[in-house]
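1. Here's a sequence, model it:
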Amino acid sequence: MRFQLLESGKPLIQRSGDFLLVYELGSSIIFENLREIPKYPIIVGKYIYEGQIFDVAKFQDFTERAELGPVRIYDWDFLEEIEAERYGKFWEYYARLELYLRGKTQLVLEKPISERVNIENFGKLYTEAFKYLTYDPSDEIALEKIFKDFLIKIDAFLEKPLNFPLKETPYKPYISVIIPVRNREKFIGKAIESLLENDFEDWECVVVDNASDDNTANIVEKFSRSDKRIKLVRVKNKSLSACLNEGIRRSRGWIVCQLDSDDFYSKDALRTVFEYHREYPVALAISYYDVVDEEGKSLNFPTVKHLEFSINNILRVEGAGALRSYKREALERVGGFDEENFPDFGEDYDLVLKITEIFQVGRIHKVLYYYRRHPQSTDAQKPLLYKKFIKNSARKSAFLRRRIINFSKRSALK
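-> Here you go, the predicted structure:
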């Protein structure tokens, strides 16, 4: 067996062997028995970093950001068969999607095959999961094209949503803000204060406290005693999705907004959301957000705009943005958050996917939300592979729904 080497992110080279071994800079190959490599389209393996062994994804990851380790091995016969060279520096992404079309996934070897010497760009916006936020426009267009072609091949591409009509008559209270919380005594006060600082008054806030054992509930109660728009709901040992649904059931607003207990709104968020929903017949409106540190101070991150958002590309990226504001009617028609399949992570992503398939979604081109990055955040506490698996489970569910939608549309035309 003959192996060729290629640095990750480079276009394919001319073949002169049986396998192509792709490596990332700052990594080394430690697997000695390369001749024992089986003939398989894409082979990956665990890797070592700072003395620890790290797993790689054994599941199908439909994004270009799959966690496959710093070394990947490709069968040249497979690459030539699918004409992977046509896709420039993104040939790896195309090859993996082509493998998925055959009902397969990457083969993961049991023993570590590489060692990663250095991992750079630590932090939510600079991990592989959010790398697409920093792409050059031309790269983003190329990746969107590869993914669009894949969706067409699996019959999951939608030209437009089903456009279910919504009752557009506003009623009071205009806005309900739902805050699920557990042990956030340091942050919950700022979250609520950000509502009180708004100049829009017709809102209510339902804080769902999930058995906090610190001072969180007492802080919320103090706000509630001074402002009747703020309500505290106590629950025990419920999932995040269940807490969100409980908050929706306990609220009455025409529009329902999400607010994480460690984040906060801009001072014009509520009025901007109301005016947007009053003007546009959308089921969901999404604004921009900025990233702040643990103390709420601005970080040197670009504003997160998610300009790559579309009805189809949402399936390739990790989210749609924040602040997310829903028409209550739309939430009820899709059944709220999925407590069974997405109890504690990915529940908002799954809901956005469902909404985009059947309703119009709008974009508010303004920063209305501040995401606080800190080590104890829910996102930071979840293992990377777990988060990727959950997000891709949501994508697979969406593929199935979209196939059903397309089949129904074709049947209606007969």
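
2. In this structure, spot the helix with the most residues.
-> helix 384-413 (DSSP state H).

3. Could you check that helix and say which residues are buried?
-> 385, 387-395, 397-399, 402, 405 (16 or more other Cβ atoms under 10 Å). Where C-beta positions appear, they are placed from N, C-alpha and C, glycine not excepted.

4. Looking at the residues you listed, which is nearest residue 175?
-> Within these, proximity to residue 175 (Cβ to Cβ) peaks at residue 394, which comes in at 26.7 Å.

5. The residue nearest to that closest one when sequence neighbours are not counted and residue 206: what is the separation?
-> Spatially, and ignoring its direct neighbours in sequence, residue 394 is nearest to residue 350 (4.3 Å; Cβ to Cβ, 6 or more residues apart in numbering). Counting by Cβ to Cβ, to the nearest Å, the gap from residue 350 to residue 206 is 21 Å.

6. Check residue 86 too.
-> When distance is defined by Cβ to Cβ, residue 86 is 53 Å away from residue 206.

7. Among these two, which residue is more densely surrounded?
-> residue 206 (24 against 9; other Cβ atoms under 10 Å).

8. Shouldn't that one be within a strand?
-> Yes - judged by DSSP: H, G, I helix; E, B strand; the rest coil, residue 206 forms part of a strand.

9. thought it was touching residue 180?
-> No - counting by Cβ atoms under 8 Å, residue 206 does not reach residue 180; the two are 9.5 Å apart.

10. Identify the contacts common to those two.
-> Residues touching both residue 206 and residue 180 (Cβ atoms under 8 Å, 6 or more residues apart in numbering): residue 247.

11. For residue 104, give me its contacts.
-> For residue 104, the contact set (Cβ under 8 Å, 6+ apart) comprises residue 41.

12. any idea how far residue 167 is from it?
-> Going from residue 104 to residue 167 by Cβ to Cβ gives 46 Å.

13. Can you pull out the low-pLDDT segments for the chain?
-> Applying pLDDT under 70 to the chain flags residues 118-130, 378, 380.

14. Report the contact partners of the residue lying closest to residue 396 once chain neighbours are set aside.
-> Leaving aside its chain neighbours, residue 396 sits nearest to residue 60 (7.5 Å; criterion: Cβ to Cβ, 6+ apart). Contacts for residue 60 (Cβ under 8 Å, 6+ apart) come out as 100, 105, 392, 396.

15. In TSV, list the residues you listed along with distance to residue 71.
-> Listed next are the contacts of residue 60 as TSV, based on distance: Cβ to Cβ, whole Å:
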residue	distance to residue 71
100	21
105	17
392	22
396	27
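
16. Among those, give me the pair with the biggest separation.
-> 105 and 396 (12.0 Å).

17. Tell me if I'm right that the residue nearest to residue 394 and residue 395 touch.
-> No - counting by Cβ under 8 Å, residue 350 sits too far from residue 395 to count as a contact (9.3 Å).

18. Between its first and last residues, what's the separation in stretch 156-167?
-> In stretch 156-167, first residue to last residue: 28 Å (Cα to Cα, to the nearest Å).

19. picking that back up, can you tell me which residues contact the residue nearest to residue 394?
-> 337, 338, 341, 342, 394, 397.

20. With only the CA atoms kept, save whichever helix or strand residue 219 is part of in CSV.
-> For residue 219, the host element (DSSP states H and E) is helix 216-226. Extracted in CSV, the C-alpha atoms of helix 216-226 (Å, rounded to 0.1, in the frame of the first residue of the first chain):
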residue,chain,number,x,y,z
THR,A,216,-31.6,32.6,42.5
ALA,A,217,-35.3,32.2,43.5
ASN,A,218,-35.1,34.8,46.2
ILE,A,219,-33.7,37.3,43.8
VAL,A,220,-36.5,36.7,41.3
GLU,A,221,-39.1,36.9,44.1
LYS,A,222,-37.7,40.3,45.1
PHE,A,223,-38.2,41.6,41.5
SER,A,224,-41.7,40.0,41.4
ARG,A,225,-42.8,41.8,44.6
SER,A,226,-41.9,45.2,43.1
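
21. Fine by me, thanks again.
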